[in-house]
Structures are given as structure tokens and as C-alpha cells.
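Below are the sequence and a predicted model; questions follow.
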Amino acid sequence: MKPTLLILCLTAGTTLGASAQERIYRCGNEYTNTVTEAQAKTCKLVSGGNVTVVQGQKPAAAAPGVKVASAPPASSAPRIDSADQKAKDSDARLILETELKKAEARQIELNKEYNNGEPEKLGPETRNHQKYLDRVSELKAALSRNESDIAGIRRELGRLPGSSSKQ
């Protein structure tokens with residue numbers, strides 16, 4: 001937004017002295033009351049209702065027309081030494097490897113239950129074939145979800161530093 005003028009309220013009946021009496025131009029998301037600037041940017045005149053504006057404050061170090069981006073101080077981010085980072089990486093690797101083993105074990109169980117698309121019928125499914133078909137489709141979806149989980153875990157393991165991607 002323009003640092004010189006900000007719109008705080010667009011209300012129908014509120015005015016703040018003379019600043020609400022000036023012509024206000026809208027340039028996208030910025031507002032200005034400078035005619036030459038409005039003409040240069042092809043801004044539109046704001047009409048209808050009262051416009052309340054508040055005078056903004058200019059940054060002390062900024063030159064007119066120069067945008068200054070505020071960056072966080074360099075010392076605000078704590079530095080992590082390499083030993084701590086290696087420990088964190090090894091912890092992350094251990095967690096991912098554990099999750100991979102769980103997902104692979106789950107995949108084996110699902111494959112066994114799925115039985116190449118012909119799982120054994122359970123009690124109520126002998127009388128209601130639709131229940132059986134629903135369970136088969138749920139098993140198939142669970143298999144594909146678990147396969148994508150395994151692939152994602154392997155990708156994450158491959159992204160870790162010093163990875164010896166075992167697949």
C-alpha cells in the first residue's frame with residue numbers, strides 16, 4: 001500500500017475533517033489523493049459514500065519513490081552446529097526407516113488379505129454380494145494408498161543428506 005495514505009474505513013456517514021473532502025483515487029489496492037500520480041497510473045476516482053483516510057508515516061531511511069523491503073536481522077536465526085545437524089538428520093532417518101518398515105509390513109498384510117482381488121468372504125458377505133464388492137474396493141484403495149505412502153517415505157529418505165537410497 002501507499003505509505004502516504006491508507007484507507008481504514010469506508011463508511012457511509014463518517015468524515016474526518018478536511019481529509020475526507022479531498023478527491024481520492026484508487027490505483028488497484030493503493031489509494032492516493034495526488035492528481036498527477038493518479039493520472040500517471042490511470043487510477044479511478046472513488047465516488048459515492050464518504051472515504052476515511054489516515055496519513056501514513058514515511059520510513060526515515062527511504063528515499064521518495066524507493067521501496068524498501070524489511071529483512072530480518074541476520075543474527076536472529078540461531079545457527080546449528082554440524083554435530084547437532086547430523087544428530088537431527090540421523091534421528092529423522094531412523095524415524096523414516098521405522099515408518100517405512102511399518103508401511104511395508106502393512107502392505108504385506110493388505111496383499112495377503114486382498115488375495116489378488118479375491119479375498120475370502122466374511123460372514124455377512126455370503127448373503128450380500130455388494131458388501132463383499134465394497135470391501136474388495138476398500139482393500140484395493142488401501143493398497144494403493146499404502147503404496148504411495150511407501151514411495152513418499154522412500155523419497156524423503158532419498159532427500160536426507162548422506163542418503164544411500166535403499167529401494
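Perfect, I can see it now.

Does residue 120 belong to a helix, a strand or coil?
Per DSSP: H, G, I helix; E, B strand; the rest coil, the secondary structure class of residue 120 is coil.

Going by neighbour count, list what's buried in the biggest helix by length in the chain.
Taking DSSP state H as the criterion, the chain has its longest helix at helix 82-114. Of the residues in helix 82-114, 93, 96, 99-100, 103, 106-107, 110, 114 count as buried by neighbour count, 16 or more other CB atoms under 10 Å. To be clear about C-beta, it is placed using only N, CA and C from the backbone, and glycine gets the same treatment.

repeat for stretch 147-161
149-150, 153-154, 156-157.

Between those residues, which sits nearest residue 36?
residue 156 (55.8 Å; CB to CB).

correct me, but that closest one touches residue 97?
No. Assessed by CB atoms under 8 Å, residue 156 is found out of contact with residue 97, at 10.4 Å.

and this protein, what are its domains?
Domains of the chain are assigned by automatic domain parsing as 5-57, 82-159.

Output those as a markdown table; include the columns mean pLDDT.
Below are the domains of the chain laid out as a markdown table (pLDDT from 0 to 100):
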| stretch | mean pLDDT |
| --- | --- |
| domain 5-57 | 67 |
| domain 82-159 | 94 |
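
any chance you could map the helices in this structure?
All helices of the chain, identified by DSSP H, fall at 35-40, 82-114, 129-159.

Save those helices as JSON lines, and put in distance to residue 23 too.
Supplementary listing: those in JSON lines, determined by distance: least, CB to CB, whole Å:
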{"stretch": "helix 35-40", "distance to residue 23": "7"}
{"stretch": "helix 82-114", "distance to residue 23": "58"}
{"stretch": "helix 129-159", "distance to residue 23": "56"}
